[in-house]
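Q: Structure here, sequence nowhere to be found:
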């Protein structure tokens, strides 16, 4: 009797499978985790608080806080953290960060901006394409690992405080004089003169250089001398097809 029941059970299972196949039924497939769409964008947020002192003006301090808030947004983005987890070269990290911030953020908005006494605060949001960011990071690491990145740079004459893209297709570089710059116009030649020049390079979608500019920071205005600690501003016009850029100083 027990053997007969086992045979009946096997027959029932076989019949059920046969009927299921005949009716076009199928067993449910194992669910797969959703994959991000190729053009999917994710939101990133960053903020920064900056205390400033003379001769930095309120407008310059706000510009610095904004630039650093954008940098913090990139730093905190999961695609950036994951793709740079094994990178220990700080100069290379600065390079990758600057490239992403200058050309791969969309919908950048200031969520909050405040100033109280000598402290300014900025909070920003933007969106990124994670796959695009990972590809850019991989490209920059393969191309420039171990090389010094001169963006947001400093030499014996100048220090770049911030680099910001304006609406009119220009890039604004804010810098501080570390020495009295009129001496560069007189008795000194070569690299000493070049130390007071602000440089900027422009790149296309593939990271290929498409132009560069050089601007003297020796004078704040015609006939005016930049003294140590004073702030200067240089504006550069982006060439067509510019996707990213870097500002740097001659060593």
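A: Nice, I can see it. Bear in mind the structure is a predicted one, so any value in this text is a computation, not a measurement.
Q: packing partners for the helix or strand that contains residue 210?
A: Secondary structure from DSSP states H and E places residue 210 in strand 209-216. If you count contacts as 3 or more Cβ pairs under 8 Å, 6 or more residues apart in numbering; DSSP states H and E, strand 209-216 packs onto strand 197-203, strand 231-237. The C-beta positions use only the backbone N, C-alpha and C, and glycine is treated the same way.
Q: how does it look with 10 Å?
A: With contacts taken as 3 or more Cβ pairs under 10 Å, 6 or more residues apart in numbering; DSSP states H and E, strand 209-216 sits against helix 191-194, strand 197-203, strand 231-237, strand 244-249.
Q: Quick check: closest non-adjacent residue to residue 133.
A: Residue nearest to residue 133 in three dimensions, not counting chain neighbours: residue 79, with 4.5 Å by Cβ to Cβ, 6 or more residues apart in numbering.
Q: My reading is that residue 82 is in a helix; is that accurate?
A: Yes: according to DSSP: H, G, I helix; E, B strand; the rest coil, residue 82 belongs to a helix.
Q: So what's the residue count around it?
A: Number of residues near residue 82 (other Cβ atoms under 10 Å) recorded here: 13.
Q: and it, what does it touch?
A: Counting by Cβ atoms under 10 Å, 6 or more residues apart in numbering, residue 82 touches 130, 133, 134, 137.
Q: Spit out the contact partners of the residue nearest to the third one when sequence neighbours are not counted.
A: Read that as residue 134. Excluding its sequence neighbours, the residue lying closest to residue 134 (Cβ to Cβ, 6+ apart) is residue 83, at 5.0 Å. Applying Cβ under 10 Å, 6+ apart to residue 83 gives the contacts 77, 96, 130, 133, 134, 135, 136, 137, 138, 140, 141.
Q: Packing partners of the strand or helix carrying residue 102?
A: Using DSSP H and E, residue 102 maps to helix 90-103. Other helices and strands packing on helix 90-103, by 3+ Cβ pairs under 10 Å, 6+ apart, are helix 58-76, helix 78-83, helix 130-144, strand 158-165, strand 197-203, strand 244-249.
Q: wait, which of these is closest to residue 120?
A: Among these, the nearest to residue 120 by Cβ to Cβ is helix 58-76 (4.7 Å).
Q: Name the nearest residue to residue 77, sequence neighbours excluded.
A: Per Cβ to Cβ, 6+ apart, closest to residue 77 is residue 44, 4.5 Å.
Q: Isn't the one you found up against residue 124?
A: Yes: Residue 44 lies in contact with residue 124 (Cβ atoms under 10 Å); the separation is 8.9 Å.
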